[in-house]
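J.: Sequence and computational prediction follow.
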Amino acid sequence: MMLDEPGNWGRWGADDERGALNLLTPETVVAAAGCVREGRALSLSLPIRGATSSPAPTTVPHLRGRPLPQHFMSVDGGDYAAGARAIGAGLRMADDALVVTPHGTTTHMDALCHMWSGDRLYNGHPADRVRSYGATRCGIDKAGPVIARGVFFDVPAVRGLSHLGARDRVEPADLEACLDGTGVELRAGDVAVIRTGWPLVWREEGPDGYWAGQPGLSADAGRWLAERDVCVVASDNAAIGGLNERQLADEDLADDLHMILLWRHGIHLVEMLWLEELAEAGRIDFLFVAAPLRIEGGTASPVNPVAVL
């Protein structure tokens, strides 16, 4: 493995394509279910608004230049050639067609084949198995459902802010401060859910403010989470790590968050969450449920994560 840093390659065997999701044993899932105390479920996803049917470019956070979702409906025959079809006496139906590029435009889960270095994917699988027709190794279809304990890190709250600034980076001390006095400690197989509050900037300042950069985890914070054996890192920003005004990471390869988490440790990433209702709920631990679509060879899948309180 390049860059001489410990990781999870070989930990679950040479053929492993699920990475840290292997930590979700039946016992871990049963223990996670014990976090359900209210029976209340909160969606943690942003809406999918097709650029053909609503003003998505001005209403939904996304990365500049990424293709927006395209949503076509057949209900009036104007958007979609099929038109509304009659079914029996007086009954009608509408069909949908949806084209989505998950990275940067929707709440989504990254597959382990999404990024790599040299000629190897996570766990040493050959990178040439990622082709234009899909990835035959480490695709999102290998992930399966995620049912785990979620642990919430509301970083702006502990800093006394509504949201972090564009150049802010979340450090291990911030993560520790979020748990201080709560009685909650990270366990193997947990999902770390990190709030930056950055989607609020889209509402308050519009696209230009949102695109001025993004806060995110520092490399040391990513390593801190990996050392504690989380199975997923999820955040409300677009790249887990921070971005500059060109929407690129400033870190070098050794400190890139995708390389640290996805490539070295096999930790799946969930990006572009909406965490404001969860912040208002005041819960630190909860049952986290998310199921990526079984897109064979996909580098990502749209998801609608749910926090069950």
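T.: Thanks, I have the structure now.
J.: got the contact list for Leu23?
T.: For Leu23, the residues meeting the contact criterion (Cβ atoms under 8 Å, 6 or more residues apart in numbering) are Ala188, Gly189, Asp229, Cys231. (Glycine included, C-beta is placed from N, CA and C.)
J.: ok, and the closest non-adjacent residue to it?
T.: Gly189 (3.8 Å; Cβ to Cβ, 6 or more residues apart in numbering).
J.: hang on, the earlier thing: just send the contacts of Leu23 back as JSON lines, with distance to Thr106 too.
T.: Converted to JSON lines, these look like this (distance: Cβ to Cβ, whole Å):
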{"residue": "Ala188", "distance to Thr106": "29"}
{"residue": "Gly189", "distance to Thr106": "26"}
{"residue": "Asp229", "distance to Thr106": "28"}
{"residue": "Cys231", "distance to Thr106": "22"}
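J.: Put the buried members of these into a PyMOL selection.
T.: In PyMOL, a selection of the buried entries from the contacts of Leu23 looks like this (16 or more other Cβ atoms under 10 Å):
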select buried, resi 189+229+231
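J.: Pro67: which of the contacts of Leu23 is nearest?
T.: Proximity of these to Pro67, judged by Cβ to Cβ, is greatest for Cys231, which lies at 29.8 Å.
J.: Tell me how far the residue lying closest to that closest one once chain neighbours are set aside lies from Arg129.
T.: Counting by Cβ to Cβ, 6+ apart, Cys231 lies nearest to Ala20, which is 4.3 Å off, once chain neighbours are set aside. Shown here: Ala20 relative to Arg129, a distance of 20 Å by Cβ to Cβ, to the nearest Å.
J.: again with Trp12
T.: The separation that Trp12 has from Arg129, given Cβ to Cβ, amounts to 18 Å.
J.: cool, and Glu271?
T.: Distance of Glu271 to Arg129, given as Cβ to Cβ: 24 Å.
J.: Give me the most central residue, the chain.
T.: Centrality entry for the chain: nearest residue to the mean C-alpha point is Val270, 1.2 Å, by Cα atoms, centre = their mean.
J.: CA atoms of stretch 200-211 as CSV?
T.: The C-alpha trace of stretch 200-211 is given here as CSV (Å, rounded to 0.1, in the frame of the first residue of the first chain):
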residue,chain,number,x,y,z
LEU,A,200,-27.6,26.9,5.7
VAL,A,201,-25.2,29.2,3.7
TRP,A,202,-27.1,28.2,0.5
ARG,A,203,-30.3,29.5,2.1
GLU,A,204,-28.8,32.6,3.7
GLU,A,205,-26.3,33.7,0.9
GLY,A,206,-27.3,31.8,-2.1
PRO,A,207,-25.1,29.8,-4.5
ASP,A,208,-22.2,32.2,-4.6
GLY,A,209,-21.8,32.1,-0.8
TYR,A,210,-22.0,28.3,-0.8
TRP,A,211,-19.5,28.0,-3.6
